[in-house]
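Peer 1: need a 3D model of the following:
(one chain, ligands or ions: 1)
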Amino acid sequence: LGHDLPVEELRLPEDFGWGAATAAYQIEGAASQDGKGKSVWDTYSHLQPSRTNGQHADVSCDHYNRMPEDVDLMASLGIEVYRFSISWSRVIPLGGRNDPVNEKGLAFYNDLINRLVARGIKPVVTLYHWDTPQALYDRYGGLLDTAEFRADFARYARLCFTQFGDRVRKWVTFNEPYITSIFAHLNGTLAPGHCREAGTDTKTEPWRVGHTILLSHTDVVLMYACEFQPSQKGDISIVLNGHFYEPFDAGSPADRAAAKRRMVFYIGWFGDPVFLGRDYPAEMRSYLGSRLPEFMPEERDLLRQAAPLNAFYGMNHYSTKYARKLSEPPAEDDWTGNIEESSVNSEGKEVGPASAMGWLRVAPEGFRKLLGWVWERYHVPIIVTENGCPCVGEDDLATAVDDKFRQRYLGLYLDAISRAIYEDGVAVKGYYVWSLMDNYEWSAGYGPRYGIVHVDYETLKRTPKNSALYLRDTFKRRRGVSS
Ligand code: GBH
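Peer 2: So this is what the prediction gives:
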């Protein structure tokens, strides 16, 4: 279980904020309650044969109906920040710029925000955590139609700023655009799983989806800065995920280059346009050629104007991998630069002890290096907007609350943040654990449990795990705040 790695409990700055994160589809349930429209996830999770382990999130944690209790629970755990997402199809059931607004959906998020603020918990709101309104996907393919999606997303964002912006000081436009582009439109393991339908083109569509996200993000950052920030005084940015990559064979120059290149293709794809206000990385442009869309001159202007307005780098990070340059010629549709990734290197060494998810291994040193990599490339303060793990072995039983594996993982990853701050000079400003509670883990269904609060899916009872108490106490100790 990685018990050979000692947790040192290194110090963190006094003003370092900690919190917990969730996403609407994963916790809310109430799939068609109070006028909510369908999102692509409502459809995808009901496909036959199932692509989601036979499970959907029609009820899930039923947070929609248990929200007051959940906010009280957060307060009792000392949580300072709550990152959640708004379900677009709950507030605009059909999603489009000319479609009606659902007052009951707005009322839910208003109530949630008011309750958080009343308890001193800061809301951090994600506008898009993968749940495109189904009607927009049916009308024009959702993210595949850049112009249509941009216009509809702008209207949705404006509605949210208008309704909630007096109390929300931190906004995230999109969660993990890489995942939406690659997993939802190339691998097809997340909704809408577009690539598996007839007439799709996985050679170009993932890049068009990424392009749509970048331009939609840019529009909304500029809108917030012009129309809302002067009175509302909040800030806005995007959340990017990405593993840290080590070379498969540390002695091979090709593998060392592959590890670097893999991170540019994963993170630079979105990070360079957003934070540097410029075109896609040159390595991607030369490798992908015409598969990668062009930014028009006026779009480049927008990127340049918006870049300095992105107030923080939202980092979702879980684990490290090895990257290897393949010797055989790339497959016709390869887009990675002919790189293979793995959890074991050329000497048979694992990158770290495995959690219940094979890809998610305990590798805090990679986290520290990634924080340095992002800081060096973008020089913008970093907020860790997601980090966490499912447990293994006995800690992972459906009833387990003594989650030692998770406590150790969190302790080590917090040490990595301390090192990044004090030894490497990286500006890391906050940490939100994934997740507040066990929830619907997308295509893996209810199997993996990432919560610091246990959810019994029969009774829907919540029980804090020891990691919740550990986080509350470790932040007290590490920040030197006396209780
Ligand atoms: C985040 O995504 C999400 O924001 C959150 O909703 C989710 O519950 C949480 O993480 C936990 O998974 O191809 O071998 O690298 C993480 C996105 C997509 C990361 C699939 C792992 C597969 C592993 N994940 N990916 S691999």
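Peer 1: shouldn't Tyr280 be within a helix?
Peer 2: No - residue assignment for Tyr280, taken from DSSP: H, G, I helix; E, B strand; the rest coil, gives coil, which places it outside any helix.
Peer 1: number of residues surrounding it?
Peer 2: When neighbours are counted by other CB atoms under 10 Å, Tyr280 registers 23. In this view, the C-beta of every residue, glycine as well, is placed from N, C-alpha and C.
Peer 1: what sits closest to it if chain neighbours are left out?
Peer 2: Taking CB to CB, 6 or more residues apart in numbering as the measure, Tyr280 lies nearest to Leu292, with 5.7 Å between them; neighbours along the chain are not counted.
Peer 1: you'd agree that neighbour is up against Arg285?
Peer 2: Yes - at 6.0 Å, Leu292 counts as touching Arg285 under the criterion of CB atoms under 8 Å.
Peer 1: might you report the residue contacts of the residue nearest to Tyr280?
Peer 2: 207, 280, 284-285 (CB atoms under 8 Å, 6 or more residues apart in numbering).
Peer 1: not counting sequence-adjacent ones, nearest residue to Gly268?
Peer 2: If you skip the residues right next to it in sequence, Gly268 has Pro281 as its closest partner in space, 4.2 Å away by CB to CB, 6+ apart.
Peer 1: state the mean pLDDT of stretch 235-252.
Peer 2: pLDDT averaged over stretch 235-252 equals 98, rounded to a whole number.
Peer 1: for it, list the C-alpha coordinates in PDB.
Peer 2: Included here for stretch 235-252 are C-alpha records, laid out as PDB according to Å, rounded to 0.1, in the frame of the first residue of the first chain:
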ATOM      1  CA  ASP A 235     -12.000  35.700 -11.200                       C
ATOM      2  CA  ILE A 236     -12.300  33.000 -13.900                       C
ATOM      3  CA  SER A 237     -10.200  30.400 -15.600                       C
ATOM      4  CA  ILE A 238     -10.200  26.800 -16.800                       C
ATOM      5  CA  VAL A 239      -9.300  23.400 -15.300                       C
ATOM      6  CA  LEU A 240      -6.800  21.200 -17.100                       C
ATOM      7  CA  ASN A 241      -5.800  17.700 -16.200                       C
ATOM      8  CA  GLY A 242      -2.700  15.700 -17.000                       C
ATOM      9  CA  HIS A 243      -0.400  13.000 -15.700                       C
ATOM     10  CA  PHE A 244       3.200  13.700 -15.200                       C
ATOM     11  CA  TYR A 245       5.300  11.700 -17.600                       C
ATOM     12  CA  GLU A 246       8.700  10.100 -16.900                       C
ATOM     13  CA  PRO A 247      10.800   8.400 -19.600                       C
ATOM     14  CA  PHE A 248      10.200   4.600 -20.000                       C
ATOM     15  CA  ASP A 249      13.900   4.100 -20.300                       C
ATOM     16  CA  ALA A 250      15.700   7.000 -18.500                       C
ATOM     17  CA  GLY A 251      18.900   6.200 -20.500                       C
ATOM     18  CA  SER A 252      17.200   6.700 -23.800                       C
END
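Peer 1: which residues are in contact with the closest residue to the ligand within the stretch 351-483 of the chain?
Peer 2: For the stretch 351-483 of the chain and the ligand, the shortest gap (CB to the nearest ligand atom) falls at Trp359, measuring 3.5 Å. For Trp359, the set of contacting residues under the criterion of CB under 8 Å, 6+ apart consists of 319, 321, 343.
Peer 1: most neighbours of all those, which one?
Peer 2: Ser319 (23 neighbours).
Peer 1: hmm, that one is touching Pro364, no?
Peer 2: No - in this structure, Ser319 is not within contact of Pro364 by CB under 8 Å, at 9.9 Å.
Peer 1: show residues contacting stretch 394-404.
Peer 2: Residues external to stretch 394-404 that are found in contact with it (CB under 8 Å, 6+ apart): 1, 356, 390-391, 405-406, 449, 454, 456, 463-467.
Peer 1: just the buried residues of the contacts of Leu292.
Peer 2: Among the contacts of Leu292, the ones that count as buried by 16 or more other CB atoms under 10 Å are 207, 280, 284.
Peer 1: dump those residues to TSV, plus pLDDT.
Peer 2: Rendered in TSV, the data for the buried ones among the contacts of Leu292 read as follows (pLDDT from 0 to 100):
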residue	pLDDT
Trp207	97
Tyr280	98
Met284	98
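Peer 1: now name the helix or strand holding Ala468.
Peer 2: helix 466-478 (DSSP states H and E).
Peer 1: list the buried residues of that helix.
Peer 2: Of the residues in helix 466-478, those scored as buried under the neighbour-count criterion (16+ other CB under 10 Å) are 466-468, 470-472, 474-475, 478.
Peer 1: give me the subset of these touching the ligand.
Peer 2: Near the ligand, judged by CB under 6 Å from any ligand atom, there are no entries from the buried residues of helix 466-478.
Peer 1: nearest to Val7, of the residues you listed?
Peer 2: Comparing the buried residues of helix 466-478 against Val7 with CB to CB picks out Thr474 as the nearest, at 8.8 Å.
Peer 1: from what I can see that closest one touches Asp415, true?
Peer 2: No - in this structure, Thr474 sits apart from Asp415 without contact. The criterion is CB under 8 Å, and the distance is 10.2 Å.
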